[in-house]
Every structure is written in C-alpha cells, then in structure tokens.
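>>> Kindly return the folded structure for what I paste below:
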Amino acid sequence: MDEPISMEERYPAKYWHRLADGRIRCDLCPRDCKLHEGQRGACFVRGRVDDAMVLTTYGRSSGFCVDPIEKKPLNHFYPGSSVLSFGTAGCNLACKFCQNWDISKSRSFDKLADQATPEAIANTALRLDCKSVAFTYNDPVIFAEYAMDVADACHAVGVQTVAVTAGYMHAAPRREFYAKMDAANVDLKAFTDEFYVKQTGAHLQPVLDTLNYLKQETDVWFEITTLLIPGLNDSAEEINSMSEWLIKELGADVPLHFSAFHPDYKMVNLPATPPETLQQAWRIARDAGMRYVYTGNVHNIAGDTTHCPSCGGSLIVRDWYEIEQYRLTPDGHCPDCHTQVAGCFEKFGKAFGARRIPVVVNRPT
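Have a look, this model is predicted:
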C-alpha cells in the first residue's frame, strides 16, 4: 500500500496524461508509470491525487551545502568556484550500488527538513557568492518542476545552474528541463543494456539519447561520470567501446570522469574499485582519443589534473578538490601553445577549495 499523500505534498505536476482504462501515465521518464488514485510512481515522489499528477517534494530539501564545483564533478565549468548544492528525496532508477541511497532511496520525508522557495535559494546563492546552484544528491529529473523554477529564479539574479543526473528522461520534458540548465554531469553508468537492466532497473538507450541531445541541440556544458564496479562494468573492452562511442557521437572534448566504487546499499559484497582499474580506464580512454579524462574517489593528482590537449602541459593541477596550480588564461587558453581548452572559464581568483559548508535556506515570511 502506498504511503498517503498529505495536503502539503500536493504540488501540481506536469508531464502526464490520462489513459483509456482510467489510469494516468507519467510522461517524465521512460518508466512510464501508470497510476490509479492514491498511487505513487517508482520514484516515490510523483503520485496521483484527485485524478491528477502531483509532485510531493516541491520546495522541500534534504539539505543545502556549499561545495567546490569539482565535487559534482565538473572540472571545466568555472574551476575553483563554489556551488550551492541540494537535493530532495527519491529516484527514478533502482541502482543496487547507489552511493547516496539514504537520500535517493528514502521512503520517509522526515529527511526533508529544509524548506525553501526558488527565490530564497537563488538569493542565498547570491549572498554566499556561489557561481551556481546544483541539483544533486538525488536525480533532479524527478523534481523537474521545482528545479526549473529554481533555475528561473537563479538566472534572474545572475546565478547559473547545474544538473547532476542519470539522464533518464523523455524527450519533451528533456527539452524544457535543459533549456534552463547551464551545465550538467551525466552518469553513464555502464555501456551495456544488460548492466542497466540488471543493476539499475532501466535501459541504456535513453541515457545515450540524452547525451546526444545535449551535444547536438543545446549549449549546456556537460561532463560524464562512470562509476567503475569490479567485474560488472570495468572491462577494458567495455571502456574502449564506450570511449569510441563518445568520440564518434559527442566528440573528444567532453570530459570523462572514472570514479571508484565503494561497497554500499545492496552491493556490499563486492570489493572497492582498485586504483589500478581507474588508471587502466584513464589510459584506455586517453589512447582512444578522449582529451580530458579524470579519476575520482581516489587520491591521484595525475588523474585530477587538466592537461593541454596539444602540448600536454599541466594547466590545472588538483589535489582532491584543492587547486594547487592554475595556468589557463581567463578565456581558457594554454599559456604555452595557445590551444583553446574546452569548457567555461573566467579570470581565476582564489579557489573555494575542499570545504563543505552546510547552510540553511529559510522560506521568506
């Protein structure tokens, strides 16, 4: 039996239609949940009340923090800047290895302690000198209406927006959603449909469609992250196939992050990803022609560093989330050979660093 949806949770949602059999279908993501009165979708936060779809987490957050932008991870989107990060609850994928399962798999809204209007979030980001606001911790696709309203409020005061997402979304809402985003990090969880079906309850092709859409039809700056899980998606063959597809379809300039898995949620019996696996993946992608490849969740300065794709010089040297050296020109050129580095850059000042600062965003009275 689904948990009843209270009055304060009933924010009118978009992206649904009524079926001939009396159910309504959610049109936001490829799960296409078909709901009777009182039922919730697979994401748990979208449900049917009074013959219409509602979003139960509008204006409700699991918490706000100021982070370095590199933590999203975005290494080519205003490096060193700070980002106001928040999420809600729920998720439209069912990843057995979820690293944020306490938020994304939550079936209790007790965690949603922080309430804030879009304008309050935008003004807080401005007050704290954050370059951007990130929708993260859980997938913003499932709270798209809230995220898009926050994005409008942010743009009104000159703050940019970032989506950290699995990219599992239908075409029509995808157009509206990314029209309001400045940057994204998309989780490409594997490069086989078998992995997606068995480990996430989803499919690969809609994610590839999102990546193609971002590249071909938007100006959104995006980077890609793949969490390498021992024995499931870390083979040299799969990484090479993925790298070749990325180069062919998206180009060699899209930054690619390989991140280390740690045992969590429903996948506690597998070992953590060895550093050697990340280094092998880094080499394979580079050898395939990817210009900007990074490793994450391990201490590896070489894997955190941005190199010039032409002369090979070290341009941004990172130690975890600390920037140790920054040599790019304000418009993103290598100072040695003048090659343009792909990304969004500006005059570099003092980096925010590896801090994580919890903040409270209050609803205006």
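>>> what's the domain layout of this structure?
For the chain, automatic domain parsing gives the domain ranges 7-55, 60-358.
>>> for the last one, how far is the first residue from the last?
The reference is to domain 60-358. 16 Å (CA to CA, to the nearest Å).
>>> now do stretch 300-316
First-to-last residue span, stretch 300-316, CA to CA: 14 Å.
>>> Go through the domains of the chain and pick out the most buried.
domain 60-358 (a mean of 19; mean count of other CB atoms under 10 Å). Quick note: C-beta positions are derived from backbone N, CA and C, even for glycine.
>>> want to try a markdown table for the domains of the chain, with mean pLDDT as columns?
Output for the domains of the chain, formatted as a markdown table (pLDDT from 0 to 100):
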| stretch | mean pLDDT |
| --- | --- |
| domain 7-55 | 93 |
| domain 60-358 | 94 |
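>>> Assign L278 to helix, strand or coil.
helix (DSSP: H, G, I helix; E, B strand; the rest coil).
>>> for the closest residue to it other than its chain neighbours, helix, strand, or coil?
Of all residues not flanking L278 in the chain, T295 sits nearest, at 4.3 Å (CB to CB, 6 or more residues apart in numbering). Here T295 is recorded as strand under three-state DSSP.
>>> Dig out what T295 forms beta bridges with.
In this entry, T295 is beta-bridged to F258, by DSSP bridges.
>>> what's D149 in contact with, if anything?
Contact analysis of D149 by CB atoms under 8 Å, 6 or more residues apart in numbering lists P118.
>>> So D219 belongs to a strand, correct?
No. D219 is assigned coil when assessed by three-state DSSP, not a strand.
>>> What segments of the stretch 251-365 of the chain are strands?
Under the criterion DSSP state E, counting those that start in this stretch, the stretch 251-365 of the chain carries strands at the ranges 256-260, 293-296, 306-307, 314-319, 322-326, 357-359.
>>> need those strands in JSON lines with distance to D182, can you?
Output for the strands of the stretch 251-365 of the chain, formatted as JSON lines (distance: least, CB to CB, whole Å):
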{"stretch": "strand 256-260", "distance to D182": "19"}
{"stretch": "strand 293-296", "distance to D182": "20"}
{"stretch": "strand 306-307", "distance to D182": "20"}
{"stretch": "strand 314-319", "distance to D182": "20"}
{"stretch": "strand 322-326", "distance to D182": "21"}
{"stretch": "strand 357-359", "distance to D182": "21"}
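>>> Relative to T277, which of those is closest?
Closest approach to T277 among the strands of the stretch 251-365 of the chain (CB to CB): strand 256-260, 8.0 Å.
>>> From start to finish, how long is stretch 254-269 in a straight line?
Distance across stretch 254-269, first residue to last, is 33 Å (CA to CA).
>>> still on that earlier bit, closest one to L128 among the strands of the stretch 251-365 of the chain?
Of the strands of the stretch 251-365 of the chain, nearest to L128 by CB to CB is strand 357-359, at 6.8 Å.
>>> what distance separates that closest one from the middle of the whole chain?
20 Å (CA atoms, centre = their mean, to the nearest Å).
>>> likewise stretch 21-40?
That offset, for stretch 21-40, works out to 25 Å (CA atoms, centre = their mean).
>>> Give me the contact list for that stretch.
Under CB under 8 Å, 6+ apart, the answer for stretch 21-40 is 2-5, 14-19, 41-43, 46-53, 56, 92, 141-142, 144, 168-170, 172-173, 202-203, 206.
>>> mind redoing it with 7 Å?
Contacts of stretch 21-40 with the rest of the structure, by CB atoms under 7 Å, 6 or more residues apart in numbering, involve 2, 15-19, 41-42, 46-48, 51, 53, 92, 141, 144, 168-170, 173, 203, 206.
>>> can you check stretch 168-184 too?
Applying CB under 7 Å, 6+ apart, the external contacts of stretch 168-184 come out as 15, 27-30, 74, 77, 92-93, 132, 141, 144, 148, 151-152, 160-163, 165, 202, 206-207, 210, 213-214, 218, 220-222.
>>> Please apply the same query to stretch 87-101.
In contact with stretch 87-101 (CB under 7 Å, 6+ apart) are residues 29, 31, 42-45, 57, 60-62, 103-106, 109, 111-112, 135-139, 141-143, 166, 168, 199-202, 229, 261, 264-267.
>>> one more time with 6 Å
29, 31, 43-45, 57, 61-62, 103-104, 106, 112, 136-139, 142-143, 166, 168, 199-202, 229, 264-267 (CB atoms under 6 Å, 6 or more residues apart in numbering).
>>> Quickly list what Q325 is bridged to.
Beta-bridge pairing for Q325 (DSSP bridges): V317.
>>> P255 versus that one, what's the distance?
The spacing between Q325 and P255, counted by CB to CB, to the nearest Å, is 18 Å.
>>> now do D32
Here D32 is placed at a distance of 32 Å from P255 (CB to CB).
>>> hang on, isn't A285 packed against E244?
No. Taking contacts as CB atoms under 6 Å, A285 lies outside contact range of E244: 9.7 Å.
>>> Now do the helices in the stretch 151-300 of the chain.
Under the criterion DSSP state H, counting those that start in this stretch, helices of the stretch 151-300 of the chain are mapped to 171-178, 193-195, 205-217, 236-250, 275-288.
>>> got it, and the stretch 1-150 of the chain?
101-104, 118-127, 144-156.
>>> Which among the ones you listed is found nearest to F352?
Nearest to F352 among those is helix 118-127 (13.0 Å), distances taken as CB to CB.
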